Structures are given as C-alpha cells and as structure tokens.
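# Compute the structure for the input listed below.
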Amino acid sequence: MTSAVSEITAAADPSAERRRLLGAFLRRHRERLTPAEAGLQGGSTRRRTPGLRREELAQLCGISPTWYSWLEQGRDVSVSPAALARLSDALQLSVAERAYLFEMTRKRDPDAPPAGSTDQPPPSLLAALEAMTAPAYLLDRLWTAVGWNPAAAQLFGGWLGQGSGEHNLLRYVFLDPTARSFILDWDNRARRLLAEFRAETARHPEDPAVQALVAGLRRESPLFSRMWDDHGVLEREGGLRRFNHPLDGPLTLEQVTLRPGGRSAYTLVMLLQPAEGAV
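Numbers count the residues shown, from 1 in each chain. Now for the predicted structure:
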C-alpha cells in the first residue's frame, strides 16, 4: 500500500519522482564502493550490506548522517551545490554521473566553467575536422563556429571564408544579406534553425551569454524577434540542405549532425553528398 501511495504521489509531483530517482542513484553508487576504495582504514570486514554504510559516506563528505539518509530516502531536504560536489567526489562519480547528479537536483556544479565563459575545443575534435574531406564545422553552445575545415570554408564563404567576420551561425543567417540568396528556402530553414536553438538552450535559460546573443539579435533583426516570439521548439536533425553557391551554382548536400561524446557543449556538423535516390 505504501509503495502504491508513493507511486501516485510521484506521478502527481514530478519533483518527488526526481527525489526518488536521486535516492536510488545515490544508494546504487554507495553500495558499489568498498571502504578500501573510498580510502577508509580499519573497520569490520563483515557487512550485512554491500559497499559503504550511509554513516561512512556521510563522514567522508562531512555531512550529517541523518541528512544524508533523508536525501537517499527521497525526502524534500535542502541540498547545497558544495555538499553535492563532496558527495560526487566521495562516490568517485564519472563526469557523466556527476552531471546527472546536479541535473537531478537542479543545482549548478560549482566546478563547472562559469556561464558565458569560453571553452576551447579539444585538439582531437579539431584534428578530426582536418581529416574530413567533406565540409565540416564545429559549433559551441552558442552556435558559434569554433573550428572548420577548408571544404567548409569554401562552401560557406560568406560565413567561414577568409575575411568573414561573423562566425555565429544565427547572426550570419539573420543579419548577413548574402545568407538569403545562399540558403535556398531561407525562411523555412531560418525558422527551423531558431526552433532547434531554443530547444538546445532550454536547459540553461539563464545563461548570460545566451541571453546576450538573443537580445542582440532581437534588436538587430525584427524578423528574428518575431520568430523568437513564436516559441517554436524542434529537435535538431539532419537532412537535405540546398544552397545556391556563388561559384558552384545549386548544390544539394545531406547534413549529418553529431554530438561528440563527453563534450556535450559542442556539435559537429558535416555536409555529405546525398545517397543515390535521396535528392
């Protein structure tokens, strides 16, 4: 009966479900960590339950055992980012597991780069761009190109070519007059692009850099402002892209969009020759 009541409560209160999942996550990772792995010396080797005891984990984190027990039980207790960081370190969570911990609690990781700060792409991703023969470019979380190969510079001359000063994709599409003639079906593509950007940035709506980018585009482009106010949201996807290149004429390419593992702030985009029959 208690379990049924808990499930009904969780269904009615999404925050209760998050707390339940958080408690299960913490318990699972506590039980998989042995005292020796956690750096605890001595203690009984005869244990009725696997892994660390709640009291031991609380001791490692410098928090109250009662408070930790309540957290693992899914109770509605206040938790600070600093305490979560200590829990993550004590449980030896991976990068993805730590991100999940902070996402579940709706807290910001104190060790994460400050919102709006620049983060250099890893050399391995830049080397991958150079190794590709098809046009390819790398976008950061603001959709500013932070790397591209010569084929991309040749294709997107107005955006990535030599002498182009605006490398943000949204600002190029909405503010550069040449984008309208280069991108076929510009109105539809611009609307979809904006809806995809809104969907990707929804998890961090208070990011000052995102807010500044949107505010600047709203001031400079009335059309952007109207489209933004439509509140369209779409999942980012690939597909056929048609261009009117100033030198090569009409082109049809297939866009492939990838999110490199472990570097979720970046998006890798490639423009390939479409498969036979796809055009």
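# Determine the set of other helices and strands touching the strand ranked longest in the chain.
The longest strand of the chain (DSSP state E) is strand 249-258. Strand 249-258 sits against strand 239-245, strand 267-272, with contacts defined as 3 or more C-beta pairs under 8 Å, 6 or more residues apart in numbering; DSSP states H and E. In short, each C-beta sits where N, CA and C put it, glycine included.
# tell me the domain boundaries of this structure?
2-105, 123-272 (automatic domain parsing).
# for the first one, what is the average pLDDT?
Here domain 2-105 scores 80 as its mean pLDDT.
# Kindly report the same for the last one.
Here the mean pLDDT over domain 123-272 is 88, rounded to a whole number.
# Could you give the separation of that domain from the chain centroid?
Centre-to-centre, domain 123-272 and its host chain are 16 Å apart (C-alpha atoms, centre = their mean, to the nearest Å).
# gap between the two ends of it?
Across its full length, domain 123-272 reaches 23 Å between end residues, using C-alpha to C-alpha, to the nearest Å.
# please renumber so the chain begins at 24
Happy to do that; since the first residue is 24 now, the last one works out to domain 146-295.
# Now do the contacts for Ala105.
Pro133 (C-beta atoms under 8 Å, 6 or more residues apart in numbering).
# picking up where we left off before, would you list the domains of the chain in CSV and tack on distance to Asp134?
Formatted as CSV, the domains of the chain follow (distance: least, C-beta to C-beta, whole Å):
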stretch, distance to Asp134
domain 25-128, 6
domain 146-295, 15
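# still on that earlier bit, what pairs with the longest strand of the chain, parallel or antiparallel?
Using DSSP bridges, the strands paired with strand 272-281 are strand 262-268 (antiparallel), strand 290-295 (antiparallel).
# and Glu79, which of the ones you listed is closest to it?
Among the strands paired with strand 272-281, the nearest to Glu79 by C-beta to C-beta is strand 290-295 (41.7 Å).
# which of the residues in stretch 166-180 are buried?
Buried residues in stretch 166-180, counting neighbours by 16 or more other C-beta atoms under 10 Å, are found at 166-172, 174-176, 178-180.
# what's next to that stretch, contact-wise?
Here stretch 166-180 makes contact (C-beta under 8 Å, 6+ apart) with 143-144, 148-149, 152-153, 155-163, 182-185, 187, 190-193, 220, 266, 268-269, 274, 289-290, 294.
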